[in-house]
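In: my questions are about this predicted structure, shown below with the sequence.
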Amino acid sequence: MYGWVWRHLPGPWPVRTGLAALLAAVVVGLLFAYVFPWAEHALPFVDVTVDQ
Amino acid sequence: MKALRLALRGTGELLITAGMLLLLFCVYQLVWTNVEAARQQDAVTDRLSDDWRRPDAGSAPVTAPEPPLKLGEGFALLRIPRLGDRYDVPIVEGVRTSDLSRGVGHYPRTPRPGEIGNVGVAGHRATNGEPFRDLDRLRKGDAVVVETETMWFTYVVDRKRIVRPSDVWVLDPVPGKPQAEPTERLLTLTTCNPRWASTERLIVFSHLEEMTPKSAGRPAALAGGR
């Protein structure tokens, strides 16, 4: 999976490393901005209210 | 043989990815939500302080009906001397996930601070700023002070209890007496228990001891702090 991505990145390996880092940063950003807040809301681990 | 190798590597990558996701989620919960919540809570507190400093703030007669609150809107500040001299957290309307990252949340179906009945406030104990991290340190007699635009309300802790998440009776007008008409002014704080799980709730019951207009200066309970 990761090998497939790496092989399809353009340029010599320093460029590929930079692009890979950029891709990783974008993925982490999306996780923190959208996926994790949804997961936090959906999981009961940090519930602090009393409700039915 | 090649197919097996591919399958093994694929499984390995999947497992490592899953592990990375879990690790990132932990970082998100334990670091990021605290950073974000601190920023949001400071913004709410600053906005409240600015609103209250306006020349016409508090000029409406005390008996005028208060305007309805919007969910997510900060409307009071909570101070608990036992938890620190500089402890102050905004109280926002609502107990949704988004409300509880902006401060501690006021259960909308409960009365407003100072009113007769049982005021309900919920707050996080881990993550999202952890305003109620040390709530278990509160003891009988400790002061819980609510500051609004015009008034200081000093509540005093009566007792703490561990209950189940479904024990909504703690927010009844008279907790423990389902049909009773309320006559006292109570404040009930709720958070999770134990701190890193949410299998139970930690409840702190308190009653109003003193209410003073802000023109009279800070209440006695806060005399030691800022």
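Out: Ah, there it is. From a predicted model like this one, the values you see are computed outputs, not experimental measurements. Numbers count the residues shown, from 1 in each chain, chains lettered A, B, ... in the order given.
In: make it CA atoms for all contacts and neighbour counts henceforth
Out: Will do.
In: got any ranges where chain A has weak pLDDT?
Out: A:52 (pLDDT under 70).
In: and chain B, which residues reach chain A?
Out: B:10, B:13, B:25, B:28, B:95, B:97, B:122-127, B:164-168, B:190-192, B:196-198, B:201 (C-alpha under 8 Å from any C-alpha of the partner chain).
In: now, the residues you listed that are in helices?
Out: B:10, B:13, B:25, B:97 (DSSP state H).
In: got a list of what the last one touches?
Out: With contacts defined as C-alpha atoms under 8 Å, 6 or more residues apart in numbering or on different chains, the neighbours of B:T97 are A:H41.
In: just the buried members of the ones in helices among the residues of chain B next to chain A?
Out: Neighbour counting by 16 or more other C-alpha atoms under 10 Å in any protein chain shown classes B:25, B:97 among those as buried.
In: tell me which residues are up against the one helix or strand B:D50 maps to.
Out: Using DSSP states H and E, the element containing B:D50 is helix B:33-53. Helix B:33-53 has contacts (C-alpha under 8 Å, 6+ apart) with B:57-58, B:74-77, B:89-90, B:101-103, B:127-130, B:149.
In: okay, now whichever residue of chain A sits closest to chain B: neighbour count?
Out: Residue nearest to chain B within chain A: A:V48 (4.3 Å; C-alpha to the nearest C-alpha). Neighbourhood size, A:V48 [other C-alpha atoms under 10 Å in any protein chain shown]: 30.
In: quick check, it in contact with B:T190.
Out: Yes - with contacts counted by C-alpha atoms under 8 Å, A:V48 reaches B:T190, the gap being 6.4 Å.
In: mark which of the residues of chain B next to chain A are buried, thanks.
Out: B:25, B:28, B:95, B:97, B:122-127, B:164-165, B:190-192, B:197-198, B:201.
In: for chain A, which residues are neighbours of chain B?
Out: A:1-2, A:32, A:36, A:41, A:44-52.
In: mind showing which ranges of chain B have poor pLDDT?
Out: Looking at chain B by pLDDT under 70, you get B:56-65, B:224-226.
In: quick check: closest non-adjacent residue to B:I80.
Out: Distances taken as C-alpha to C-alpha, 6 or more residues apart in numbering or on different chains put B:V144 closest to B:I80, at 4.9 Å, once the chain neighbours are dropped.
In: does the one you found count as helix, strand or coil?
Out: strand (DSSP: H, G, I helix; E, B strand; the rest coil).
In: give the contact list for the residue nearest to the spatial centre of chain B.
Out: By C-alpha atoms, centre = their mean, chain B has its centre lying nearest to B:V104, at 2.3 Å. Residues in contact with B:V104 (C-alpha under 8 Å, 6+ apart) are B:89-92, B:95, B:121-124, B:131.
In: among the residues you listed, which are in strands?
Out: B:89-92, B:121-122 (DSSP state E).
In: nearest to B:Y155, of the residues you listed?
Out: B:V121 (12.9 Å; C-alpha to C-alpha).
In: tell me where chain A has strands.
Out: Going by DSSP E, chain A shows no strands.
In: tell me how many other residues crowd residue 42.
Out: Chain wasn't specified; assuming chain A. 11.
In: not quite, go with chain B.
Out: Around B:D42 there are 15 residues (other C-alpha under 10 Å).
In: what's the separation between it and chain A?
Out: According to C-alpha to the nearest C-alpha, to the nearest Å, B:D42 stands 20 Å off from chain A.
In: same check on B:I116?
Out: Counting by C-alpha to the nearest C-alpha, the gap from B:I116 to chain A is 21 Å.
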